[in-house]
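A.B. asks: just need the structure, nothing else, for what follows:
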Amino acid sequence: MTAEMTVLAYIGIFALILTLIQGTRNVLVLGLPAAAGNQHDIDPWTGWNDRLNRAIRNLIEAIIIFAPVAVAVQLSGLNNDSSATGAYIFLIARIAHAIVYVAGIPYVRTTAWFAGVVGILMLASPLLG
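C.D. replies: Residues are numbered from 1 along each chain as shown. I've put the predicted structure just below:
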């Protein structure tokens, strides 16, 4: 499997891990009946709980951009060192982004987000040139 597809799988696993943390948190904080329900009548999340939800949504938004680019590079056979490096930069940046987002470290979070964008651009470079 190419680096680009490996990273796509890893980022999916990472999204699953964050979602499992979120679900476990819901059960522990809300109780099983409320967590298993529609959660329409719960108080808004605050603090790290809110940041976890936002980090997951942000990761999903990034995956929506990363995945088609990675698949296009793969299907076109344009994989190269730059696209592989970009994919790994994206993975590391997104893991760092989620950690610092939940921890509430704003400027580092923005830097990690930007590094993920650079990773996507590097991944896409074979398609653009």
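A.B. asks: what segments of the chain are strands?
C.D. replies: In the chain, no strands are defined using DSSP state E.
A.B. asks: just the pLDDT at the residue of the chain most remote from its centre, thanks.
C.D. replies: For the chain, the largest distance from the centre (C-alpha atoms, centre = their mean) belongs to P33, which lies 28.6 Å off. pLDDT, P33: 90.
A.B. asks: and if you look at L28?
C.D. replies: At L28, the pLDDT recorded in the model is 95.
A.B. asks: need the longest helix for the protein.
C.D. replies: helix 47-76 (DSSP state H).
A.B. asks: tell me the buried residues in that one?
C.D. replies: 51-53, 55-56, 58-59, 62-63, 66, 69-70, 73-74 (16 or more other C-beta atoms under 10 Å). For every residue, glycine as well, the C-beta is placed using N, CA and C.
A.B. asks: could you measure from the residue lying closest to V71 once chain neighbours are set aside over to F14?
C.D. replies: Leaving aside its chain neighbours, V71 sits nearest to L8 (7.6 Å; criterion: C-beta to C-beta, 6 or more residues apart in numbering). Relative to F14, L8 is positioned 11 Å away (criterion: C-beta to C-beta, to the nearest Å).
A.B. asks: likewise for A34?
C.D. replies: Counting by C-beta to C-beta - A34 and F14 are separated by 27 Å.
A.B. asks: re earlier: mind giving me the packing neighbours of the longest helix of the chain?
C.D. replies: Here helix 47-76 touches helix 3-30, helix 81-103, helix 106-128, going by 3 or more C-beta pairs under 8 Å, 6 or more residues apart in numbering; DSSP states H and E.
A.B. asks: would you mind finding the most buried of those?
C.D. replies: Per-stretch averages of neighbours, counted by mean count of other C-beta atoms under 10 Å, single out helix 81-103 among the helices and strands packed on helix 47-76, with a mean of 20.
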